[in-house]
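**Student:** Just a sequence and a predicted model for now, questions to come.
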Amino acid sequence: MRFTEQQIRSFLHEIPDPEIPVISLVDLGVVRKITILEDTVEVYLTPTYSGCPAMKQMEDDVVKTLTRKGVKQVNIHLVYTPAWTSDWLNEEAKEKLRKYGIAPPQESTNDKSFLTGKTKQIKCPRCGSLHTQMISQFGSTACKALYQCSDCLEPFDYFKCI
């Protein structure tokens with residue numbers, strides 16, 4: 001059976017990120033390119049950061065899903081340049097993160113205001129308060145920081161701008 005790129009992308013949209021199951025690999029922006037050659041589908045993935053422990057799981061999930069959908073041969077290519085950026089998260093992913101209780105990145109990686117040393121106010125994904133404080137530079141994964149809301153007192157992860 002011959003598949004279109006749109007069909008393959010829709011199959012990949014069904015695969016949840018191993019660390020944040022409410023967003024797909026497509027939402028996360030790690031699926032960079034899809035090439036279809038006869039019975040072979042080539043999927044190009046960019047890790048969220050070098051050494052990401054979830055990368056092997058992502059690769060396995062792509063192969064398993066596409067094989068289950070009828071693709072005869074799946075080849076995975078890891079692409080490191082350009083490096084993944086949180087700017088590649090689509091708006092749907094940011095809203096899903098917020099509803100899940102993770103504050104999405106609040107600015108672009110092009111915004112270099114963090115270099116001034118100012119601490120930015122991160123909006124609590126639970127109650128919407130800006131009265132929050134960073135507890136740790138690292139949250140449940142290296143790409144997130146741990147915050148706490150001073151109003152609702154709930155801890156939450158903030159998906160860093162990378």
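**Tutor:** That came through, no problem.
**Student:** show me what contacts the residue nearest in space to the middle of the chain?
**Tutor:** Against the mean C-alpha coordinate of the chain, by Cα atoms, centre = their mean, the closest residue is residue 28 at 3.1 Å. Contact analysis of residue 28 by Cβ atoms under 8 Å, 6 or more residues apart in numbering lists 17, 20, 48, 88-89, 93. Where C-beta positions appear, they are placed from N, C-alpha and C, glycine not excepted.
**Student:** Reformat those as JSON lines; add distance to residue 142, secondary structure and pLDDT.
**Tutor:** As requested, the contacts of residue 28 are arranged in JSON lines below (distance: Cβ to Cβ, whole Å; DSSP: H, G, I helix; E, B strand; the rest coil; pLDDT from 0 to 100):
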{"residue": "17", "distance to residue 142": "14", "secondary structure": "coil", "pLDDT": "95"}
{"residue": "20", "distance to residue 142": "13", "secondary structure": "coil", "pLDDT": "92"}
{"residue": "48", "distance to residue 142": "9", "secondary structure": "coil", "pLDDT": "88"}
{"residue": "88", "distance to residue 142": "17", "secondary structure": "helix", "pLDDT": "93"}
{"residue": "89", "distance to residue 142": "16", "secondary structure": "coil", "pLDDT": "92"}
{"residue": "93", "distance to residue 142": "18", "secondary structure": "helix", "pLDDT": "94"}
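**Student:** and the two most separated of the residues you listed?
**Tutor:** Greatest spacing in the contacts of residue 28, by Cβ to Cβ: 20 and 88 (14.1 Å).
**Student:** Those two - which one has more neighbours?
**Tutor:** Each of residue 20 and residue 88 had its neighbours counted (other Cβ atoms under 10 Å), and the higher figure belongs to residue 20 (22 against 18).
**Student:** Just confirm the more buried one contacts residue 98, I think it does.
**Tutor:** No - contact criterion Cβ atoms under 8 Å: residue 20 and residue 98 do not qualify, at 11.9 Å.
**Student:** Domain-wise, how is this structure divided?
**Tutor:** The record's domain parsing of the chain by automatic domain parsing lists 5-78, 96-159.
**Student:** And the ones you listed: which comes nearest residue 84?
**Tutor:** Closest among the domains of the chain, using Cβ to Cβ: domain 5-78, at 4.6 Å.
**Student:** centre of the chain versus the lengthiest helix in the chain, how much separation?
**Tutor:** Identified as the longest helix of the chain according to DSSP state H is helix 55-68. Relative to the chain's own centre, helix 55-68 is displaced by 16 Å; criterion: Cα atoms, centre = their mean, to the nearest Å.
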